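1. no FASTA, just this:
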């Protein structure tokens, strides 16, 4: 062969990178550069320095929004777990056909644009909607306003993000070996103790996957909180949008973006270290 | 414990289904606002949607942008996925991370970046700008779907063809491509949907010229809650419904007509 060994080794690395080259250049130009620009704007607009970060990290409004964002994300994650775990359990216990039906419903919900689902919650919770109507029928003379509150945005986000949780838990539950449960039962584990010592630990990876995914998506959620939430209880993404659209405060918006990004990346980074990111979306 | 969990599970099924079901009757409503149950039923809002350019234009923009996005994303991601799945090389884990990065960054952060960057490049309010942005955001999901398919590819098939004297080009055309066709189609579909659904970046950079359907829906929900949204919601939902049910329907028809089922 005409090729020397070292040339072969070189070709081995060169050829894959040649295939990767177009995408690498593309992502550098249209993904990395705009991202870096956000970082640059955060320390140069309107004047150079760390003023924006100082404002965001010490200003009471911004702190309130970040605390609110974290709180909402935690609440939504917790609710998704509360909603998702029993459903995944139901799916793994009913007949195959019924499980397929529920799976189809969840897939359908997942694939339906989240704008559509947000709009549907607007109809459901609106003043002329069925929920308020039901409340008046039940004798509640003055039902509280449901729409444009923290309640409505949280509920809609739980609905939108629940499929991520359900799918993650269900995948794990499906793989549980029934003989494991049977042997635990034969050794005297029933009801609560069976659940706590056998079922829960076995499904923990699914819970972890689903929770990280829901939490991280929720942290950066823009559309649903803006459309359904209370304007007084904004989340971080909504406030960033406000800074850019209404006040043209690129520096402040960028600084908040960078903080949001760092928090998200830290969470995903810890996750990646322990489990590997590719498993998260698989 | 078990029965309680089961009842909660059933309640959750209703919770998931209710919002999907409710938009359908709403779209046939005669009411001018969000009223449920509707006072009467008609095709009025469907007629309005299909005759109103302020709704049709965004719909076409979205289809155009999503199509272009799919072509561009596939052209970039397919070779990259081949490299990552089939080769071991220096810097591979870095390359893997690079492909996944767009998924890790919140869209609002990218929206801020594109708003300013494309402003300098004079790409704001242009379809090209939206396509370029969406292609970056479509990379991870397209890559994930395609690499899952490529990992399951039996390499002995290619080796067998090679040993029988096929050139690499012939192997690719006659063996690799036909086997990968379903995987390619599904990853292309994911790229299309990613762009068609993307809202946040589109809100900030699409402007009036390149207004996408999600942007128009967002504006409309925010400003007036136009009942036409129920029509679009129903149409979008119907597409998903048909898309998901078609495979099982085909299976059912096959079973009824008794033709053998490919496994």
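-> Yes, it's here. Predicted, not measured: the structure shown is a model, and the values here were computed from it. Numbers count the residues shown, from 1 in each chain, chains lettered A, B, ... in the order given.
2. please work out which residue of the stretch 101-250 of chain B is closest to chain A.
-> The shortest separation between the stretch 101-250 of chain B and chain A is 2.7 Å, found at residue B:106 (distances taken as C-beta to the nearest C-beta). C-beta here means a position set from N, CA and C on the backbone, and glycine is covered the same way.
3. for that residue, give me its contacts.
-> The contact partners of residue B:106, taken as C-beta atoms under 8 Å, 6 or more residues apart in numbering or on different chains, are A:219, A:220, A:237, A:257, A:260, A:261, A:264.
4. chain neighbours aside, what residue packs nearest to it?
-> residue A:220 (2.7 Å; C-beta to C-beta, 6 or more residues apart in numbering or on different chains).
5. need the pLDDT of the residue of the stretch 101-250 of chain B closest to chain A.
-> Reading off the per-residue confidence, residue B:106 sits at a pLDDT of 96.
6. repeat that for residue A:220.
-> Note for residue A:220: predicted pLDDT of 95.
7. give me the phi and psi angles of the residue of the stretch 151-282 of chain A found nearest chain B.
-> Nearest residue of the stretch 151-282 of chain A to chain B, counting by C-beta to the nearest C-beta: residue A:220, 2.7 Å away. Main-chain torsions, residue A:220, degrees, to the nearest 10: phi -100, psi 10.
8. that one - how many residues pack around it?
-> If you count neighbours by other C-beta atoms under 10 Å in any protein chain shown, residue A:220 ends up with 24.
9. for it, give me its contacts.
-> Residue A:220 sits next to A:236, A:237, A:260, A:264, B:106, B:107, B:108, B:109 when contact means C-beta under 8 Å, 6+ apart.
10. separation between the residue of the stretch 101-250 of chain B closest to chain A and residue A:236?
-> In this structure, residue B:106 lies at 9 Å from residue A:236, with C-beta to C-beta, to the nearest Å as the measure.
11. what do those two both touch?
-> Common neighbours of residue B:106 and residue A:236, counting by C-beta under 8 Å, 6+ apart, are A:219, A:220, A:260.
12. residue B:184 and residue B:74 touch, don't they?
-> Yes. Between residue B:184 and residue B:74 there is a contact at 7.4 Å, judged by C-beta atoms under 8 Å.
13. more neighbours, the two?
-> In terms of neighbours (other C-beta under 10 Å), residue B:74 is the more surrounded of residue B:184 and residue B:74; the figures are 20 against 17.
14. tell me the pLDDT of that one.
-> According to the model's per-residue confidence, residue B:74 sits at a pLDDT of 97.
15. just to revisit the earlier point, need the contacts of residue A:220 in a markdown table with secondary structure, can you?
-> Supplementary listing: those in a markdown table, determined by DSSP: H, G, I helix; E, B strand; the rest coil:
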| residue | secondary structure |
| --- | --- |
| A:236 | helix |
| A:237 | helix |
| A:260 | helix |
| A:264 | helix |
| B:106 | coil |
| B:107 | helix |
| B:108 | helix |
| B:109 | helix |
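16. and these, which two are furthest apart?
-> Spanning the widest gap among those are A:236 and B:107, at 12.6 Å by C-beta to C-beta.
17. between these two, which one's more packed in?
-> Between residue A:236 and residue B:107, counted using other C-beta under 10 Å, the more crowded position is residue A:236 (28 against 24).
18. leaving out the residues flanking it, which one is nearest to that one?
-> residue A:69 (4.3 Å).
19. and the one you found, how far is that from residue A:157?
-> In this structure, residue A:69 and residue A:157 are 12 Å apart, going by C-beta to C-beta.
20. contacts for stretch B:229-249, please.
-> For stretch B:229-249, the surrounding residues in contact (C-beta under 8 Å, 6+ apart) are A:104, A:107-108, A:111-113, A:115-116, A:119-120, A:123, B:20, B:23-24, B:26-27, B:29, B:45-46, B:48-49, B:55, B:59, B:213, B:217, B:220-221.
21. right, I'll leave it there.
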